[in-house]
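>>> got a predicted structure here, sequence first:
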Amino acid sequence: MQPSTGRILQVCGYNNNVFDKAAPHFVSLFSPPARYRISRVDHLQANQKAWNQFAESGSLFAKTATDAECRNPLKTLDGRGWLPDSVAGLDVLCLAAGGGWQSVLYAAAGARVTVVDISDSMLKLDEQECRRRGFPVRTIQASMDELGILADETFDIVHQPVSTCYIPDLRSVYQEIARVIRDDGIYISQHKQPVSLQISHRNERQQFVIGVEYYHEGPLPQQTDNSYRESGTTEYLHRLEQLIGDLCVTGFTIEDFREPRRADYSADVSHYGYRGRFVPPYLRMKAKRRPRSPSEKTGRLTAGGLWIPGAG
Ligand SMILES: C[S@@+](CC[C@H](N)C(=O)[O-])C[C@H]1O[C@@H](n2cnc3c(N)ncnc32)[C@H](O)[C@@H]1O
């Protein structure tokens, strides 16, 4: 299986009109210069391969939902109460969320679930686990920054676990989410903190060293201390102004912001829980899609993914 280069690689599951508007701008979106195309394929290929391996080896990173978790799916998914009291009948996009955890839980709660992921093996877990429980699910193998297969304003909720670190251009991901989510739709996401990705190693005094510059561009180098990194993947650092600021300028209002606590005071220095005492590895946000302005509604999406107010 080739990685996504702007084509739909695989779509399985139920049919509805979500694909109606897919084809026209899907093709036009992928026309980057040759140099960019080469590196784009490189990181997609590396990440697809690495995540296929995690899925096929039964890694903890590919943990499927348990029967116990399915008994109270919303509580399992949403300890903070960010979701509505019921998601039954809502259209939910589990973005870069293959692996059979989010999809199964949303489906158990009665939502209509679509999963997009670059890894075919992760998606197989969603298909298997949902089939086993008799839940419908649609899986799409595609990259999170090229969702051209999905029509505008199709989802009530987009749920994205840690995954934006695998994409060089975060704004293109946010623009795609802003396009496919409905007005007032909820976008729940978790991301790697930039400072955590800057850490390179522990020194002789067991202090964590910031060995990567904040303004680092391009794929991150492998590090000696690889806590909160997934081996074999190609990752990118996104600054807070990108993670938070770009979300605001692409049409969202942030309603809550949390830093999941990973500090473990009984852990050995080599354990990720020890590192979690010094640097929070993740940030988690609840955002809401601002209702589209009249100009945004009549605008058109260009090949660069920018809204041209009033155009079209
Ligand atoms: C942390 S895992 C999410 C899986 C899991 N269900 C969870 O709860 O954490 C990150 C996912 O991002 C996916 N991924 C990596 N690069 C991607 C891309 N460019 N587009 C879509 N998915 C991507 C991986 O295949 C992987 O399934």
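Looks like it came in fine. Numbers count the residues shown, from 1 in each chain.

>>> tell me where this protein has helices.
Along the chain, counting by DSSP state H, helices occupy 22-29, 34-56, 67-71, 73-77, 102-108, 120-133, 170-180, 194-198, 240, 246-249, 272-275, 294-298.

>>> in JSON lines, list those along with distance to Ser231.
From N, CA and C alone the C-beta is placed, and that goes for glycine too. Shown next, in JSON lines, are these (distance: least, C-beta to C-beta, whole Å):
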{"stretch": "helix 22-29", "distance to Ser231": "31"}
{"stretch": "helix 34-56", "distance to Ser231": "7"}
{"stretch": "helix 67-71", "distance to Ser231": "27"}
{"stretch": "helix 73-77", "distance to Ser231": "27"}
{"stretch": "helix 102-108", "distance to Ser231": "23"}
{"stretch": "helix 120-133", "distance to Ser231": "16"}
{"stretch": "helix 170-180", "distance to Ser231": "23"}
{"stretch": "helix 194-198", "distance to Ser231": "15"}
{"stretch": "helix 240", "distance to Ser231": "26"}
{"stretch": "helix 246-249", "distance to Ser231": "28"}
{"stretch": "helix 272-275", "distance to Ser231": "13"}
{"stretch": "helix 294-298", "distance to Ser231": "41"}
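
>>> deepest-packed of those, please.
Compared across the helices of the chain, helix 102-108 shows the largest average neighbour count, a mean of 27 (mean count of other C-beta atoms under 10 Å).

>>> adding distance to the ligand and mean pLDDT, write the helices of the chain out as TSV.
As requested, these are exported to TSV (distance: least, C-beta to the nearest ligand atom, whole Å; pLDDT from 0 to 100):
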stretch	distance to the ligand	mean pLDDT
helix 22-29	14	28
helix 34-56	3	80
helix 67-71	12	97
helix 73-77	10	97
helix 102-108	6	98
helix 120-133	4	97
helix 170-180	8	98
helix 194-198	14	97
helix 240	20	98
helix 246-249	17	98
helix 272-275	15	95
helix 294-298	25	81
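
>>> wait, Glu56 sits on Ser121?
Yes. Contact status for Glu56 versus Ser121: in contact at 5.3 Å, counting by C-beta atoms under 8 Å.

>>> what touches both of the two?
Here Glu56 and Ser121 have no joint contacts, going by C-beta atoms under 8 Å, 6 or more residues apart in numbering.
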